[in-house]
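In: Please work out how this folds:
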Amino acid sequence: MNIFCKNILDFLRIDFFLTFKNSLLLGIAYLFIIPIIRGISNLNNIQSAEVLGQSLALVGAIILIPVTKRELETGIKEIIYTKSWSYMKSVSIRLICSILLTAFMILVVAFVMKTYHCVFPFWKYISVTVMYAVFMGLLALVFSQAGNSDVIGYLSVLGYWTFCQLEIISESSVLYIFPIIDGTVGISKLITLFSITISLLVLFVFQIKCLGNRV
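Out: Model prediction:
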């Protein structure tokens with residue numbers, strides 16, 4: 001167990017900054033833009049849900065897409081090749097880190113919203129938003145893997161987000177899966193969101209396993 005943990009720490013020491021430096025900078029810059037374009041003060045629960053679901057959840061795609069980066073430095077290659085380190089293990093560690101980073105960034109913004117007198121059920125909205133952000137990130141990952149391009153991943157999420165914003169996919173549509181409608185968390189949409197997120201995760205794991213077999 002100690003050796004396993006040490007291997008993970010060695011991997012993260014080299015890989016974390018390499019993988020997430022650009023996405024973190026982009027994500028932080030995006031978070032600073034949200035208050036300018038949306039406003040995050042004195043919002044009721046409906047307005048707060050709109051900020052969380054329509055704007056903040058996009059950070060999931062920004063942070064998650066880099067987990068499949070293939071640019072490995074020499075130090076990472078040594079860990080992989082000398083310690084039977086699979087590509088799946090590398091991606092799994094990155095995915096966990098990206099989800100934690102996404103949750104942390106959403107938590108920070110939600111806390112700031114609270115300090116600026118926004119009224120909403122904090123932990124309920126946060127948990128739903130994190131799940132929705134992970135859905136957005138996994139959607140981008142699946143498409144980027146299928147198309148062998150990060151750009152395709154970003155465009156897929158941007159397309160879905162745009163359809164929702166323009167109400168081409170309306171709140172009543174089965175394709176609209178952000179569960180908070182009119183300030184209330186819909187159980188059926190929450191179950192749908194959870195189911196689709198798990199399905200995307202399974203599909204992504206399958207894609208990585210297929211790729212790992214060719215590495």
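
In: what's the residue nearest the centre of the chain in contact with, if anything?
Out: Nearest to the mean C-alpha position of the chain, counting by C-alpha atoms, centre = their mean, stands residue 60 at 2.5 Å. Applying C-beta atoms under 8 Å, 6 or more residues apart in numbering to residue 60 gives the contacts 102, 132-137. From N, CA and C alone the C-beta is placed, and that goes for glycine too.

In: can you give me the offset of the one helix or strand it maps to from its chain's centre?
Out: Per DSSP states H and E, residue 60 falls inside helix 59-64. Here helix 59-64 is found 4 Å from its chain centre; the criterion is C-alpha atoms, centre = their mean, to the nearest Å.

In: Repeat that for stretch 173-189.
Out: Remark: stretch 173-189 is offset 19 Å from the chain centroid, using C-alpha atoms, centre = their mean.

In: one step back: out of the contacts of residue 60, which is nearest to residue 165?
Out: residue 136 (13.3 Å; C-beta to C-beta).

In: Show me what counts as buried in stretch 2-14.
Out: Residues of stretch 2-14 classed as buried: 7, 10-11, 14 (neighbour count, 16 or more other C-beta atoms under 10 Å).

In: Next step: these restricted to helices.
Out: With DSSP state H as the criterion, helices contain 7, 10-11, 14 from among these.

In: What is the burial count for residue 188?
Out: Close neighbours of residue 188, defined as other C-beta atoms under 10 Å, add up to 9.

In: can you check residue 102 too?
Out: Neighbour count for residue 102, taken as other C-beta under 10 Å: 25.

In: Which two of the ones in helices among the buried residues of stretch 2-14 have the greatest separation?
Out: The widest separation within these (C-beta to C-beta) is 11.4 Å, between 7 and 14.

In: Any stretches of the protein with poor pLDDT?
Out: Within the chain, the segments meeting pLDDT under 70 span 1, 3-4, 69-85, 211-215.

In: before we move on, the earlier item: nearest spatial neighbour of the residue nearest to the centre of the chain, skipping sequence neighbours?
Out: Counting by C-beta to C-beta, 6 or more residues apart in numbering, residue 60 lies nearest to residue 133, which is 3.0 Å off, once chain neighbours are set aside.

In: tell me which strands and helices the strand or helix carrying that neighbour is in contact with?
Out: Assigned by DSSP H and E, residue 133 belongs to helix 122-147. The contact analysis (3 or more C-beta pairs under 8 Å, 6 or more residues apart in numbering; DSSP states H and E) places helix 122-147 against helix 45-50, helix 59-64, helix 87-115, helix 150-165, helix 187-212.

In: These into JSON lines, with extra columns for distance to residue 171?
Out: Output for the helices and strands packed on helix 122-147, formatted as JSON lines (distance: least, C-beta to C-beta, whole Å):
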{"stretch": "helix 45-50", "distance to residue 171": "11"}
{"stretch": "helix 59-64", "distance to residue 171": "20"}
{"stretch": "helix 87-115", "distance to residue 171": "21"}
{"stretch": "helix 150-165", "distance to residue 171": "9"}
{"stretch": "helix 187-212", "distance to residue 171": "9"}
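
In: Out of those helices, flag the one nearest residue 122.
Out: Comparison of these against residue 122 by C-beta to C-beta identifies helix 87-115 as nearest, at 6.4 Å.

In: Fine by me, thanks again.
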